[in-house]
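Novice: With the sequence up front, the predicted model follows.
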Amino acid sequence: MDRLAAMQTFAKVVETGSFTKAAEALGISRTMATVHVGRLEEHLRVRLLNRTTRRLSLTEAGSAYYERAATLLGEMASLEGSLEAMVEEPAGVLKISAPVSFGVLHLATALAEFAEKHPAVRYDVSLNDRTVDLVDEGYDLAIRIARLVDSSLVARRIASTTLYVCASPDYVKRHGAPKHPRELAARQCLGYAYAGTGDKWTLEGPGGAAEVRVRTESRANNGDLLRMLAVHGHGIALLPDFIVVDDLRSKRLVQLLPEYNAGELGIFAVYPSRKFLSAKVRTLVDFLVRHFARRTWAPPPARRR
């Protein structure tokens, strides 16, 4: 027995005073309406309606049941209405995961602008450079910077970034600038702990791809920390432009091997599924695409050293 359908049918019979009118309102046959109410009475083991050829009346049990059923059906309608509104208008809490440096330097500004346009949306943001499990950890959305592999998740590119080899002018003065990527193997480099390739750096240049296994005496799981170590002359770093752009412009860092870079990485908004996508997620992703289309983190052209 479909208990919800039976409850809805019973309530409609009471409200219209007729099986025929209830059936018409629900879009079912009179016979089916009678069956629903009969099965409900059998399930509850109590008579809900007194039936005569001319009229229907509630029994004492039927009156009590109808009072509670009407309340439950009203709450259900209210719940469905609120969910339908959420599908149409962005509202509620957005649980977001993002890399620390990108989150602080760029995503925060985007979310502040989005909040002005959509005040009914609130945020629960976790900044962490690890890759979270969106489904198991209950995230609506994650920002990932990577060459994404195929997965069950949906990924939409919102921007891109390029990784550059850089060091401080002081480091270059003390140790000189490498002329070819293979020279990095003998230099003190700064390693990113979450790099998928470990200590192997692959740089694209005039002669194609050059792979080198660097010596990373200092490591960190955050790019901004590596940036500060590089600024203070503690080694050579391979960092994305959105982190080092200001340092390159101000000459706190200089780009090494200017004919080489580690290629372009996509910056993606990743979410579990397109099916039944909430308005808050859909609207934010669309906004991020537009927002980062005007990004300003491209560094100035590097001079050959």
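Specialist: Perfect, I can see it now. Nothing here was measured: the structure is a model prediction, and the numbers come from that model.
Novice: Could I get the pLDDT score of Lys275?
Specialist: At Lys275, the model reports a pLDDT of 66.
Novice: An error on my part: the question was meant for Pro299.
Specialist: 67.
Novice: can you start the count at 44 instead of 1 from here on
Specialist: Let's use 44 as the start, then, which means that last one is Pro342.
Novice: ranges for the strands of this structure?
Specialist: 92-94, 99-101, 135-141, 164-170, 184-189, 197-210, 231-235, 243-248, 251-256, 258-263, 279-283, 297-298, 307-314 (DSSP state E).
Novice: In CSV, list these along with mean neighbour count, mean pLDDT and distance to Asp289.
Specialist: Where you see a C-beta, it was placed from the backbone N, CA and C, and this is true even at glycine. Shown next, in CSV, are the strands of the chain (neighbours: other C-beta atoms under 10 Å; pLDDT from 0 to 100; distance: least, C-beta to C-beta, whole Å):
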stretch, mean neighbour count, mean pLDDT, distance to Asp289
strand 92-94, 14, 85, 76
strand 99-101, 16, 86, 75
strand 135-141, 19, 93, 20
strand 164-170, 15, 93, 19
strand 184-189, 20, 91, 18
strand 197-210, 20, 91, 12
strand 231-235, 22, 93, 18
strand 243-248, 17, 89, 23
strand 251-256, 13, 88, 27
strand 258-263, 16, 86, 19
strand 279-283, 26, 94, 12
strand 297-298, 21, 94, 13
strand 307-314, 20, 90, 18
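Novice: From what I see, Arg256 and Lys243 are in contact.
Specialist: Yes. With contact defined as C-beta atoms under 8 Å, Arg256 and Lys243 form a contacting pair (5.2 Å).
Novice: quick one, which of the strands of the chain is nearest to Lys64?
Specialist: strand 99-101 (10.8 Å; C-beta to C-beta).
Novice: which residues are in contact with that closest one?
Specialist: 56-57, 60-62, 91-93, 109 (C-beta atoms under 8 Å, 6 or more residues apart in numbering).
Novice: cool, stretch 146-159 as well?
Specialist: Contacts of stretch 146-159 (C-beta under 8 Å, 6+ apart): 139, 141, 164, 166, 168, 170, 186, 267, 285-286, 327, 330-331, 334-335, 338, 340.
Novice: So what's the gap between that stretch and the chain middle?
Specialist: Stretch 146-159 has its average C-alpha position 14 Å from the chain's average C-alpha position, going by C-alpha atoms, centre = their mean, to the nearest Å.
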